[in-house]
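Undergrad: what follows is a predicted structure for the sequence shown.
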Amino acid sequence: MTLIETTVVPDTWESLGGPSTMAPYPQGVFVDPEGTLRECETTTRANVMDDLVAQLSDAAATSDRAALFSPLAWRSPSPLRSISLRRLRDALAHYQISGHKVPDSIQYLAGLSEVRFVQFTDDDIILSGEVGGIETYQGWYRDRVTARNTLRLDFLLTCLAAAKNRQSFGCTIDPTREGLQNAAQAAVGIQNKSIPIGTAASAVRVALGMQRVEVFGTAPDTVIGYVMVEADRHMKRLALGKQPLPEGTENYLDAVDALIARGPPQDLLLRLWFTAVPRSVRSDNDRRVFELAGTPIRLSGQNERAIAGGQRGHLTNDPRTEMFVAGFNQDWSRIRQQYPIYGALESIYQAASIAELAERYSESSTHDALIESLVQYDSDRPWMLTAPRQVESIATMHTVRHGKQKHHIVIASGGVSVDAKQTLPTQVERYATLDSLASAEVQRPNLVQRWWWDR
């Protein structure tokens, strides 16, 4: 939420914003013993050499034998890579029984960052998409061509479970009522100058205190929980100018500047959160092959009037929020390229759309049993993580000249909502061209251990 107050004082802008709602996995953040999500520095130690080795291995991954035995073959480019969910399940069972570590090729679903085709065969579900070659960037695996993060096995399993149970999941970060009341008192002190303008940001940040983190619908002590919390927290930092956006993309304070002729925002609770948007989907006539396109995630905004007691009031329109949200969504691909945490977040929504399609259109007991057997692995976690419970409030100061008015943005908070049902449209367009794919026999490798292959 963002509480904005206006006072008549010389030309100064005071902006104070608070945390967010999503958190990534160990790249870039950690949770301390008190449950506070904090940033940490990461090194690029092996990124350059790792990427060089992966590129040199691209040529070696052209045969079935090389692809089977090379541990880096999954990082090579391919115009169309396919994954058998049935064989993937069998591979997971093998590693579980043997006690061996699940390899990266499985953890990152053979390098797929976007699934274009989902095909239902008599005994399997096949996922296919293009791979531009996998690089590491700021600790994340992502496609060298699209800059999308690779899909993750744990994200897919969580989304399959959520779609099967018809349950949404996500996270929220909100200030306490006491924090809001303290912040309102600090704002009064800034107005009457008992709090110096130079210390105003710090005063409001201290008054707000910690903000509560809640992860719902899934376990908070997981990578997916961290990604949601950190992505939302980071987005609030972008909105309030604490982190730079790509050149030409405006943050919320830029929007305030641009629309200052319409007056400053007053007494607003600004809420920003990520939510799903339906992808484009079409199928063959028998609904055995589906083609997906489009980005399944968007930023949304909402405003409420603030009440002095730290409560929420009625909804209101804020053109500055609308401008920021529209610009953020329009420049999503550039933001994702600059900050891979958003690629990780998008991959959750990508997985949710696949899970929803599988749940909605699998009509045989064989497919249902396959999904059920995969979901059983959702509770297997390779890491022991501490659940994030709180984040620090954010405060900053911004100056704009407009007469003699002084404005204070006191808080910013929001959330993430992943509802698999919202990632697909209600009706699926039938596309006759896909009939040829449905009638063609799936050319799976003869070796049953091969759960992914290139066409």
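TA: Arrived safely, thanks for sending.
Undergrad: contacts and neighbour counts: CA atoms only from here.
TA: Will do.
Undergrad: quick one: the helices in the chain?
TA: 47-56, 64-69, 85-98, 104-107, 153-164, 177-191, 200-208, 223-239, 252-258, 319-330, 332-338, 340-361, 365-375, 435-439 (DSSP state H).
Undergrad: buried set for the fourth one?
TA: Read it as helix 104-107. By 16 or more other C-alpha atoms under 10 Å, the buried positions in helix 104-107 come out as 104-106.
Undergrad: from A231, how far off is Q443?
TA: 39 Å (C-alpha to C-alpha, to the nearest Å).
Undergrad: swap that for P296, sorry
TA: 16 Å.
Undergrad: can you check Y342 too?
TA: 6 Å.
Undergrad: for M323, same thing?
TA: 20 Å.
Undergrad: between the two, who's got more neighbours?
TA: Higher neighbour count among M323 and A231: A231, with 27 against 18, using other C-alpha atoms under 10 Å.
Undergrad: the more buried one and Y339 touch, don't they?
TA: No: in this structure, A231 is not within contact of Y339 by C-alpha atoms under 8 Å, at 9.5 Å.
Undergrad: that older thread, can you put the helices of the chain in JSON lines and add distance to W140 and mean pLDDT?
TA: Formatted as JSON lines, the helices of the chain follow (distance: least, C-alpha to C-alpha, whole Å; pLDDT from 0 to 100):
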{"stretch": "helix 47-56", "distance to W140": "9", "mean pLDDT": "51"}
{"stretch": "helix 64-69", "distance to W140": "22", "mean pLDDT": "52"}
{"stretch": "helix 85-98", "distance to W140": "22", "mean pLDDT": "94"}
{"stretch": "helix 104-107", "distance to W140": "12", "mean pLDDT": "96"}
{"stretch": "helix 153-164", "distance to W140": "14", "mean pLDDT": "95"}
{"stretch": "helix 177-191", "distance to W140": "35", "mean pLDDT": "82"}
{"stretch": "helix 200-208", "distance to W140": "31", "mean pLDDT": "83"}
{"stretch": "helix 223-239", "distance to W140": "12", "mean pLDDT": "92"}
{"stretch": "helix 252-258", "distance to W140": "28", "mean pLDDT": "89"}
{"stretch": "helix 319-330", "distance to W140": "22", "mean pLDDT": "93"}
{"stretch": "helix 332-338", "distance to W140": "12", "mean pLDDT": "97"}
{"stretch": "helix 340-361", "distance to W140": "7", "mean pLDDT": "96"}
{"stretch": "helix 365-375", "distance to W140": "25", "mean pLDDT": "95"}
{"stretch": "helix 435-439", "distance to W140": "33", "mean pLDDT": "65"}
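Undergrad: out of those helices, deepest packed?
TA: helix 223-239 (a mean of 26; mean count of other C-alpha atoms under 10 Å).
Undergrad: just the angle between that helix and helix 319-330, please?
TA: 130 degrees (axes from the mean of the first three to the mean of the last three C-alpha atoms, to 10 degrees).
Undergrad: can I get stretch 427-437 in PDB? Just the C-alpha atoms.
TA: Provided in PDB are the C-alpha atoms of stretch 427-437 (Å, rounded to 0.1, in the frame of the first residue of the first chain):
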ATOM      1  CA  GLN A 427     -12.800 -21.400 -25.100                       C
ATOM      2  CA  VAL A 428     -10.000 -22.900 -27.200                       C
ATOM      3  CA  GLU A 429      -9.900 -22.100 -30.900                       C
ATOM      4  CA  ARG A 430      -9.800 -25.100 -33.200                       C
ATOM      5  CA  TYR A 431      -7.000 -25.000 -35.800                       C
ATOM      6  CA  ALA A 432      -7.100 -27.600 -38.500                       C
ATOM      7  CA  THR A 433      -3.400 -27.400 -39.300                       C
ATOM      8  CA  LEU A 434      -2.700 -29.000 -35.900                       C
ATOM      9  CA  ASP A 435      -4.500 -32.200 -37.100                       C
ATOM     10  CA  SER A 436      -1.400 -33.200 -39.000                       C
ATOM     11  CA  LEU A 437       0.600 -33.200 -35.800                       C
END
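Undergrad: who's in contact with that stretch?
TA: Residues outside stretch 427-437 that contact it (C-alpha atoms under 8 Å, 6 or more residues apart in numbering) are 281-286, 289-290.
Undergrad: switch the cut-off to 10 Å
TA: 117, 119, 280-291 (C-alpha atoms under 10 Å, 6 or more residues apart in numbering).
Undergrad: can you list these in a markdown table and add pLDDT?
TA: Below are the contacts of stretch 427-437 laid out as a markdown table (pLDDT from 0 to 100):
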| residue | pLDDT |
| --- | --- |
| F117 | 95 |
| Q119 | 95 |
| S280 | 94 |
| V281 | 94 |
| R282 | 94 |
| S283 | 92 |
| D284 | 90 |
| N285 | 89 |
| D286 | 88 |
| R287 | 90 |
| R288 | 91 |
| V289 | 92 |
| F290 | 95 |
| E291 | 95 |
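Undergrad: and the residues you listed, which are buried?
TA: Counted by 16+ other C-alpha under 10 Å, these give 117, 119, 280-284, 287-291 as buried.
Undergrad: can you count the residues close to the residue found closest to R282 once you drop the neighbours it is linked to in the chain?
TA: Counting by C-alpha to C-alpha, 6 or more residues apart in numbering, R282 lies nearest to E429, which is 4.5 Å off, once chain neighbours are set aside. Per other C-alpha under 10 Å, the neighbour tally for E429 reads 15.
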